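Chemist: the amino acid sequence is not available; the structure is as follows:
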């Protein structure tokens, strides 16, 4: 995959660049979920991984003043550092509770997989008033992002945007009849509806079914 110049069109959800990246992201069954999207599909292809980093870095170097990039445990630790380096700003980790000293812990939160204990950030992660970009691989219900926003605000930062490679649109504002949790309602209830969420790729174009051989085992831990 060649890397053309980055333009505003590169940020369009499910646009040409998004579709190229989506073409190497497989899905497979995992813990009862029929479509688990695996970003290792592009991590194994340096030119595609570089394209992802370039798109994110260009988006946030153009018109958004970013003071720090925050990555969420654990895939945000893969995506966040190269984006922070490209933007020439610090990278900050938000980790599972108990993994770092001198931390503040968020409230417990819910994801599409179930309830989770709080996450944590170090108290001196960045100066008060910092404009922060939150990075993760995928957003579904928004539970993990809500914990991150809470933590950034608690230590005095402002979340400029939450950015993910994949956004599952089915959770943005589902009908009550669907039975799905609503990210819009969650953010509104938590007073976070002013924080924009951007995803490069949606489930609409993630159509690469993993080719699983007879030895495939669904033996990962529940998320």
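Modeler: Sure, I can see it. Note that the structure is predicted; figures quoted are calculated from it, not measured.
Chemist: quick one: which helix or strand includes the residue nearest the centre of the chain?
Modeler: Nearest to the geometric centre of the chain sits residue 136, at 2.3 Å (C-alpha atoms, centre = their mean). In the assignment (DSSP states H and E), residue 136 maps to strand 131-139.
Chemist: quick one, what contacts the residue nearest to the centre of the chain?
Modeler: Neighbouring residues of residue 136 by C-beta atoms under 8 Å, 6 or more residues apart in numbering: 71-72, 75-76, 79, 144-145, 148, 162-164. C-beta here means a position set from N, CA and C on the backbone, and glycine is covered the same way.
Chemist: and it, how far from residue 55?
Modeler: Taking C-beta to C-beta, to the nearest Å as the criterion, residue 136 is separated from residue 55 by 15 Å.
Chemist: equivalent analysis for residue 122, please.
Modeler: Distance from residue 122 to residue 55, by C-beta to C-beta: 29 Å.
Chemist: among those two, which residue is more densely surrounded?
Modeler: Using other C-beta atoms under 10 Å as the criterion, residue 122 and residue 55 rank with residue 55 on top: 21 against 17.
Chemist: A helix includes the more buried one, no?
Modeler: Yes: assessed with DSSP: H, G, I helix; E, B strand; the rest coil, residue 55 lies in a helix.
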